[in-house]
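> what shape does this take:
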Amino acid sequence: MTTSPFAELDTLFRSRRATIGIIGLGYVGLPLALVAAEAGFPVRGFDINPRRVEAINAGEQVIRYIAADRMKAALADGRFRATEDFSGLGACDAIVICVPTPLTRQREPDLSFVAETTRTIAATLRPGQLVVLESTTWPGTTVELVRPILEETGLVCGRDFFLAFSPEREDPGNASYSTATIPKVVGGDGPEAGALAQLLYGQLISRVVPVSSTQVAEAVKLTENIFRSVNIALVNELKSVYAAMGIDIWEVIEAASSKPFGFMPFYPGPGLGGHCIPIDPFYLTWKAREFDIETRFIELAGQINTRMPYLVVDQLAEALDRSFGRGLAGARILVLGAAYKKNVDDVRESPALKLMELIDERGGLCEFHDPQVTALPPTRRHPRLSGKPSIPLDAAALAGFDAVLVATDHDDVDYALVAEQARLVVDTRNVFARLGLAPRRLVRA
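Just a heads-up that it's a prediction; the model follows:
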């Protein structure tokens with residue numbers, strides 16, 4: 001009697017004999033590949049970047065917060081291997097898509113990476129495979145974009161192969177939660193696909209949260225990040241209002257946080273960064289137009305957060321004028337921190353990059369120091385900054401700058417030295433007050 005594709009996958013997942021293929025070995029795919037290998041599954045990682053593949057197979061630390069020893073251990077027993085040869089996808093029983101979903105210059109979803117990856121999978125698709133999309137996108141993408149491409153092969157979703165969506169929830173640098181301990185939301189295109197995806201992730205992640213469909217799972221991720229975007233925009237707006245009144249927003253938030261219910265602290269900053277919060281809300285606003293619905297609240301939050309780097313540079317210029325009787329033109333500015341958040345080396349959508357460009361555009365001479373980022377990688381939005389190196393942070397260097405602008409509050413920075421040596425500090429992260437340090441001139445932006 002012939003075993004059905006569902007039954008075959010069920011057996012392979014339960015016995016951990018299924019080969020898992022993960023496409024995209026970045027901040028989402030690589031941690032997941034290691035977790036799967038550590039759970040005992042054979043794992044094949046696929047990436048279009050040959051240098052990255054080579055570095056991974058050599059056991060190099062390609063992501064700062066993933067220890068090289070952990071990489072080498074996964075490689076040593078043969079459970080994990082990276083490749084740029086996508087013909088091997090046909091040998092995988094489960095394929096997880098972890099590719100970027102950026103925005104176009106018109107702030108519309110760019111699903112070209114998802115579409116192209118799906119076509120690559122279709123080239124070797126066979127009965128008895130589970131395909132899971134993890135890339136953040138608008139509700140409906142899995143069944144409206146991915147499924148039709150795969151079914152062009154003549155195979156039928158839910159009968160020959162199975163399709164699911166499970167949003168990535170990576171939080172780089174989080175010491176409390178890792179890939180294996182962050183609950184995993186899973187939605188299948190049909191009950192059998194949902195059951196298989198739950199079974200697979202249940203072998204890898206401490207807790208699986210099943211939902212009724214791929215659309216619900218897609219909406220979960222957008223809701224999480226819209227929630228953060230809107231609340232960060234709120235405190236950014238409150239910061240401007242309270243500053244005009246002579247009230248310290250940081251003190252307000254600290255006191256409000258003492259309430260044990262009904263309040264959750266969010267903090268202002270120089271703008272939003274990372275691969276999620278600045279981008280994901282616009283996936284929903286774009287999709288909502290299809291239903292003639294305006295997402296004014298979400299779009300307003302995006303506008304407020306996008307304006308923050310401009311406001312910070314205005315505050316920097318005003319601080320220079322008040323302190324030294326000069327503006328930004330010709331001033332030497334050290335931006336402290338280039339990563340989008342503390343203690344990581346990820347600069348995607350980092351507001352620090354926009355700050356540097358704005359300073360340059362206004363005639364300032366801008367350098368940066370970041371202990372996590374040795375040089376700025378190429379980016380679509382900031383090509384002029386590509387290759388710009390991080391300078392050393394010492395007394396001699398600080399003496400050459402008119403102001404230090406804190407954009408990212410990494411822990412491994414000598415803030416006492418900055419407080420002692422800097423002529424002017426503009427702090428967007430409240431790090432000096434938190435540490436009890438008092439620079440000679442401090443502006444809390």
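
> packing partners for the strand or helix carrying Leu196?
Assigned by DSSP states H and E, Leu196 falls within helix 191-202. Packing partners of helix 191-202 (3 or more C-beta pairs under 8 Å, 6 or more residues apart in numbering; DSSP states H and E): helix 5-15, strand 129-133, strand 161-165, strand 184-188, strand 208-211. Every residue, glycine included, has its C-beta placed from N, CA and C.

> okay, angle between that helix and strand 129-133 too, please.
Between helix 191-202 and strand 129-133, the angle comes out at 70 degrees (axes from the mean of the first three to the mean of the last three C-alpha atoms, to 10 degrees).

> ok, and what's touching helix 191-202?
Helix 191-202 is contacted by residues 6, 9-10, 13-14, 18, 20, 94, 130, 132, 157-158, 162-164, 166, 184, 186-188, 208, 210, 212 when judged by C-beta atoms under 8 Å, 6 or more residues apart in numbering.

> go again using 7 Å as the cut-off
Residues outside helix 191-202 that contact it (C-beta atoms under 7 Å, 6 or more residues apart in numbering) are 6, 9-10, 13-14, 94, 130, 132, 158, 162-164, 166, 184, 186-188, 208, 210.

> same deal with stretch 437-445?
Contacts with stretch 437-445, where a contact means C-beta under 7 Å, 6+ apart, come from 250, 312, 315, 319, 323, 415-416, 418-419, 422-428, 430, 432-433.

> same thing with stretch 391-400?
Applying C-beta under 7 Å, 6+ apart, the contact partners of stretch 391-400 are 332, 367, 369, 413-414, 417-418, 421-422.

> and those residues as TSV, adding neighbour count?
Shown next, in TSV, are the contacts of stretch 391-400 (neighbours: other C-beta atoms under 10 Å):
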residue	neighbour count
Arg332	14
Glu367	17
His369	22
Val413	20
Asp414	14
Leu417	14
Val418	23
Gln421	19
Ala422	23
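
> just the ones of those residues in strands?
Using DSSP state E, 332, 367, 369 are the members of those that sit in strands.

> do you know the pLDDT at the residue nearest to Thr374 when sequence neighbours are not counted?
Excluding the flanking residues, the one nearest Thr374 by C-beta to C-beta, 6 or more residues apart in numbering is Ser390, at 5.6 Å. Ser390 is assigned 97 on the pLDDT scale.

> and Trp286, that's in a strand?
No. Trp286 sits outside any strand when classified using DSSP: H, G, I helix; E, B strand; the rest coil, being helix.

> so what's it up against?
Here Trp286 is in contact with 108-109, 138 (C-beta under 7 Å, 6+ apart).

> circling back to that earlier point, quick one: buried residues of the helix holding Leu196?
Across helix 191-202, burial judged by 16 or more other C-beta atoms under 10 Å covers 192-202.

> now do it against strand 184-188, angle only.
Going by the same axes, to 10 degrees, helix 191-202 makes 160 degrees with strand 184-188.

> so how far is Gly273 from Leu442?
23 Å (C-beta to C-beta, to the nearest Å).

> go on, Phe113?
For Phe113, the distance to Gly273 - C-beta to C-beta - is 20 Å.

> these two - which one has more neighbours?
Gly273 (25 against 17; other C-beta atoms under 10 Å).

> circling back to that earlier point, redo the contacts of stretch 391-400 as TSV? Include pLDDT and distance to Asp47.
Compiled in TSV, the contacts of stretch 391-400 are given as follows (pLDDT from 0 to 100; distance: C-beta to C-beta, whole Å):
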residue	pLDDT	distance to Asp47
Arg332	98	40
Glu367	97	32
His369	98	30
Val413	97	32
Asp414	97	36
Leu417	97	40
Val418	98	38
Gln421	97	43
Ala422	97	41
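
> of those, which is the nearest to Arg384?
Glu367 (14.1 Å; C-beta to C-beta).

> ok, what's across the strand from that closest one?
On the basis of DSSP bridges, Glu367 is bridged to Leu334.

> surely it meets Ala338?
No. With contact defined as C-beta atoms under 7 Å, Glu367 does not reach Ala338; the gap is 10.6 Å.

> now do the helices in the stretch 251-400 of the chain.
Applying DSSP state H, counting those that start in this stretch to the stretch 251-400 of the chain gives helices spanning 280-288, 296-324, 351-361, 395-399.

> and those: which comes nearest Glu54?
Nearest to Glu54 among the helices of the stretch 251-400 of the chain is helix 351-361; the distance by C-beta to C-beta comes to 27.6 Å.

> who are the packing partners of that closest one?
In terms of contacts (3 or more C-beta pairs under 7 Å, 6 or more residues apart in numbering; DSSP states H and E), helix 351-361 is packed against helix 296-324, strand 332-336, strand 365-369.

> please identify the buried residues of the longest one?
Which is helix 296-324. Per 16+ other C-beta under 10 Å, helix 296-324 contains these buried residues: 298, 301-302, 304-306, 308-309, 311-313, 315-317, 319-320.
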